[in-house]
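Q: can you look at this prediction? I've put the sequence above it.
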Amino acid sequence: MGESTKNQPVRVVYRDRSEFFKSTCVSAIDAATAQGFDVTAIEFNPDGEETPGVPNSQNVEFLEGLADQLCSADEGSNTNNAAVIACVQNGDADVMLARMRLNGCRLMLAWFTTATWGWAADNTDTIPFFLGGGQWHENFVYSDKFFETGKAVLEYGKEKFGYMGSYDHVVSYAMPMLIVELLKSYFEVVDSPNVTDVLVNRYEEIRRSLKKINNAHTIFGPVSFNEYQRNNGRGAAGTQWVQKSNATEFQLGCISPLDQADVSIVLPSPSALPCPPGSHLDQNLIEGDPAILADKCTLCPAGTFAQYENTNLKCQQCIEGSTSTEGAKYCIASADNLNSFGLEVLGFILVALSWSSTIGYMVWLYLNRKDPVVKMSQPESLFLLCIGSIVSTSTIIPLTLAEAAPGESARGASAACRSIPFLYSLGWVLMYTSLTAKSWRLFKVAKNADQVRRVKISVNEIYVTVAVVLLFDLAILIAWVLVAPLQYIRTNVSTTLNEATGVMTIETAGACQGSPDDVSMWAFLGPIIVIHVGSMIVTNVFLFKVRGISDRYQEQKYVALASIYICELVLLGLPILIAVQEAGVREARYIVIAGVIFLTDTGVLALIFVPKIKFAKKGLPEGVTVAESIRMKRSSASVISGSRRGSNVVSTVEEIRRRAYLSSTSSTENASFSSSGIPSIYRSFSGASSNGNAAVVLPPIHSIGVSAASGAGEEMVEEVEESENDKDDFHCVKSNCSNV
């Protein structure tokens, strides 16, 4: 005995007019009391009249009062889990059970005498899990000298009489056999018994001797009688209405004796059990379900949850920001790591700013297309640079759109993923290969200028250079899409449960990834990186070779700064990107990538265009032609910018003309000379000096210098020079220089 038995109420109600009812329930009361249970015995006289003129067995109010003693709606929860034993008739059972349903009773068990009677067949919706008992069950395998089992007795009766008998049929057969055993035991101790005398005059003595029978062997099994005149030769035939394996309907199974049982007892009844997580007690089932012992739990509705076993009549409501489906143990809050609306707006603002500035540069380029700075900077290349920037910055758009919430189709997000490398890579190629081709063109111009040779470079050569690199890059990108296309894949990052609120937060993150079964994306990224880095290196090499040309017309310093700028962005952005990638913070990853793209494109354009805008606005120093300004070293150019008409300007121009003259005279050994020894190349510029001697007038540098073709094949330097005022040209005569 312990706390579990002391706290378990056992309520027993029985009729007192029948020895069968009384002895059955009294034996249960004594056994439960001996085990230490909290026992309440309720005895009633079915023929009594609590209400005059109405027998108690027909008095509904009286029977409901008995039911209230078994399980009252006003008492505590322990009462509602009582074990009820009722030795009653069919009508009594109907009224009591109806009342207990109304009281909201959830019984630990219900043992009713009616459970093995015809009442059970008439109340199939009520009897699930009801317990009952008797002296025999068809599952018994006891035998006698005539039949192997009690079921064999029934089958014989069906064969003999044409119908299948029941428990009563077996009892009718077993009783005469038991009496035979009794008589045999009574007379076997007498040498010469007078049977007739005993049966006539000593019948009561024979009947009472039944108590002395010890394990008589019958079709019921061993038979002995206790003080309650109940068979205790073996365990009673305990029964319960259960669902046998693969059965859809409830059947009366045998639970005792254990050596004869064909099912296990279901105890406590489902109605007495707490509801499992994700469900709650349903008051409608408690009061309205005929099966009083059946499960009274129902699933939590959507938006609610039950984290633990419970006996609550409703589930907890999910807190704001979380939700649940029917039958939820927890509420679910998802952390989808999607870009916020504000962040998406920021992305489009960055695109708009970059495009606006690029378009502004293109407009300036068109309006100043005749300016020497623009012409020497090769506007075709600059336009390609701007277009490349627009394409590259466009990468931010699919980067913004490359996401899908859990449950949404990822088709559009995957398409955006595949467009990202196309836009960024092609934009980079357009930007840097245009600078590469431009630098190569400037290098050829400068090289031939040093040799005082005319060279003509077609714009088509620039386009071919850009197209070749672009096709290589495009081929790699197409192969990437065909072999191992990027897909938008959402994966679980973590799952955390807040025990206090019952909210389970499922964090997921989506990203553009290659399929694990596909070729690694580095098989394609590697060659693309080689192309991009190679373009940067080649561009800077060419520009380094023409570093002697005035800053006004070449971008070596600015492209080098742009290259360093890009490297710095990559070196700073890459560790940050790796850190936020490992942390799974999509918004931070988006900001880093979009920021690098925006700063790269706008920064490179600013470093290329801003100096040109400054030089174009400032114009040439007074007295310096375009051709002369091309060949000035940076140091000279800086002097010129400090003194528009000072002696430094004159000395610089004189030096340029002197070198051009010496170069032309030394490289024209086969040229024709006049009688005064003047090269014929300068005859058109000859004249008489003030003392009458023949004079050699060194023409402006554009007359003997370099020209390069513009987009329509015009000669760049010559065309530029035609727009200059010749009165500012310097002419050198022999060793003297004067401003004409």
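A: Arrived safely. Numbers count the residues shown, from 1 in each chain.

Q: pLDDT score for P55?
A: Looking at P55, its pLDDT reads 94.

Q: same thing with the one 10 residues further on?
A: Turning to G65, the model gives it a pLDDT of 95.

Q: now it: how far from F44?
A: G65 sits 10 Å away from F44, going by Cβ to Cβ, to the nearest Å. Heads up, the C-betas are built off the backbone N, CA and C, glycines and all.

Q: got it, and Q89?
A: Relative to F44, Q89 is positioned 12 Å away (Cβ to Cβ).

Q: any common contacting residues for these two?
A: Counting by Cβ atoms under 8 Å, 6 or more residues apart in numbering, the common neighbours of Q89 and F44 are R15.

Q: between the two, who's got more neighbours?
A: With neighbours defined as other Cβ atoms under 10 Å, Q89 and F44 compare such that F44 has more, 21 against 17.

Q: would you agree that one is in contact with Q69?
A: No. Using Cβ atoms under 8 Å, F44 makes no contact with Q69, being 9.9 Å away.

Q: which neighbours do the two share?
A: Residues touching both F44 and Q69 (Cβ under 8 Å, 6+ apart): V13.

Q: for the chain, longest helix please?
A: Using DSSP state H to define each element, the chain has its longest helix at helix 411-450.

Q: next helix or strand past that one?
A: Note on helix 411-450: by DSSP states H and E, the next helix or strand toward the C-terminus is helix 459-483.

Q: show me what the following helix or strand past that following helix is packed against.
A: With elements assigned by DSSP H and E, the helix or strand that comes after helix 459-483 is strand 487-498. On a contact count with 3 or more Cβ pairs under 8 Å, 6 or more residues apart in numbering; DSSP states H and E, strand 487-498 meets helix 411-450, strand 503-513.

Q: strand 487-498 to strand 503-513, inter-axis angle?
A: Interaxial angle, strand 487-498 versus strand 503-513 (axes from the mean of the first three to the mean of the last three Cα atoms, to 10 degrees): 160 degrees.

Q: buried residues, strand 487-498. List them.
A: Q487, Y488, I489, R490 (16 or more other Cβ atoms under 10 Å).

Q: now do stretch 246-256
A: Here stretch 246-256 shows F250, L252, G253, C254, I255, S256 as buried, counting by 16+ other Cβ under 10 Å.

Q: closest to D144 among these?
A: Of all those, C254 has the smallest distance to D144: 19.6 Å, by Cβ to Cβ.

Q: for whichever helix or strand the closest one is part of, output the C-alpha coordinates as PDB.
A: Secondary structure assigned from DSSP H and E places C254 in strand 251-256. Taking C-alpha atoms only, strand 251-256 is exported to PDB below (Å, rounded to 0.1, in the frame of the first residue of the first chain):
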ATOM      1  CA  GLN A 251     -15.100  -7.300 -28.900                       C
ATOM      2  CA  LEU A 252     -15.300  -8.900 -25.500                       C
ATOM      3  CA  GLY A 253     -11.800 -10.100 -24.800                       C
ATOM      4  CA  CYS A 254     -10.600 -12.300 -22.000                       C
ATOM      5  CA  ILE A 255      -8.100 -10.600 -19.600                       C
ATOM      6  CA  SER A 256      -8.100 -13.200 -16.800                       C
END
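
Q: partners of that strand in the sheet?
A: For strand 251-256, the paired strands and their directions (DSSP bridges) are strand 237-242 (antiparallel).

Q: roughly how far out does the strand it pairs with sit from the chain middle?
A: Strand 237-242 has its average C-alpha position 50 Å from the chain's average C-alpha position, going by Cα atoms, centre = their mean, to the nearest Å.

Q: with stretch 304-311 instead?
A: 26 Å.

Q: list the buried residues for it?
A: For stretch 304-311, a neighbour-count test (16+ other Cβ under 10 Å) marks T304, F305, A306, Q307, N310, T311 as buried.

Q: for stretch 328-336, same thing?
A: Quick answer for stretch 328-336 (16+ other Cβ under 10 Å): A328, K329, Y330, C331, I332, A333, S334, D336.

Q: does V10 count as helix, strand or coil?
A: At V10 the chain is in strand, as set by DSSP: H, G, I helix; E, B strand; the rest coil.

Q: brain fart, H280
A: Per three-state DSSP, H280 ends up strand.

Q: then Y14?
A: Classification of Y14 using three-state DSSP returns strand.

Q: separation between it and D92?
A: Remark: distance between Y14 and D92 (Cβ to Cβ) = 10 Å.

Q: mutual contacts of the two, please.
A: A86.

Q: setting aside sequence neighbours, what's the nearest residue to M362?
A: C386 (4.9 Å; Cβ to Cβ, 6 or more residues apart in numbering).

Q: kindly report the same for E61.
A: Of all residues not flanking E61 in the chain, T51 sits nearest, at 7.2 Å (Cβ to Cβ, 6+ apart).

Q: surely the one you found touches G65?
A: No. Taking contacts as Cβ under 8 Å, T51 lies outside contact range of G65: 11.0 Å.

Q: so between those two, which is more surrounded?
A: Each of T51 and G65 has its neighbours counted (other Cβ under 10 Å); G65 has more, 16 against 13.

Q: contact partners for the more buried one?
A: Contacts of G65 by Cβ under 8 Å, 6+ apart: none found.

Q: doesn't it lie inside a strand?
A: No. Counting by three-state DSSP, G65 is not found in a strand; it is helix.

Q: start at 32 instead
A: In the new count, where the first residue is 32, that last one comes out as G96.

Q: measure the residue positioned nearest the centre of the chain to V524 for me?
A: For the chain, the residue nearest the mean C-alpha position is T539 (3.8 Å; Cα atoms, centre = their mean). Between T539 and V524 the computed distance is 6 Å (Cβ to Cβ).

Q: return every residue with contacts to both of those two.
A: Counting by Cβ under 8 Å, 6+ apart, the residues touching both T539 and V524 are A366, N368.

Q: point out where the stretch 182-331 of the chain drops to low pLDDT.
A: Residues of the stretch 182-331 of the chain meeting the criterion pLDDT under 70: 242, 259, 278.

Q: do a quick rundown of the strands in it.
A: 247-249, 252-254, 268-273, 282-287, 310-312, 328-330 (DSSP state E, counting those that start in this stretch).

Q: G358 touches S310, doesn't it?
A: Yes. G358 lies in contact with S310 (Cβ under 8 Å); the separation is 6.7 Å.

Q: what touches both of the two?
A: Residues touching both G358 and S310 (Cβ under 8 Å, 6+ apart): L330, C331.

Q: these two: which is more packed in?
A: For the pair G358 and S310, the greater number of neighbours falls to S310 (23 against 18), based on other Cβ under 10 Å.

Q: picking up where we left off before, what residues are up against the residue nearest to the centre of the chain?
A: Applying Cβ under 8 Å, 6+ apart, the residues near T539 are S365, A366, D367, N368, P437, R521, T522, N523, V524.

Q: how many other residues sit next to the fourth one?
A: Translated: N368. By the criterion of other Cβ under 10 Å, N368 has 19 neighbours.

Q: I'd like to know how far it sits from S355.
A: Using Cβ to Cβ, we find N368 at a distance of 21 Å from S355.

Q: so what's the residue nearest to the centre of the chain bridging to?
A: Here T539 shows beta-bridge partners N523, assigned using DSSP bridges.

Q: returning to that earlier point: what's the closest of the buried residues of stretch 359-367 to L513?
A: D367 (31.0 Å).

Q: pLDDT score assigned to the closest residue to that closest one other than its chain neighbours?
A: Leaving aside its chain neighbours, D367 sits nearest to A436 (5.5 Å; criterion: Cβ to Cβ, 6+ apart). At A436, the pLDDT value in this model is 86.

Q: could you say which helix or strand holds A436?
A: Using DSSP H and E, no helix or strand contains A436.

Q: check the one 3 residues further on too.
A: Secondary structure here is read from DSSP H and E; on that basis E439 sits in neither a helix nor a strand.
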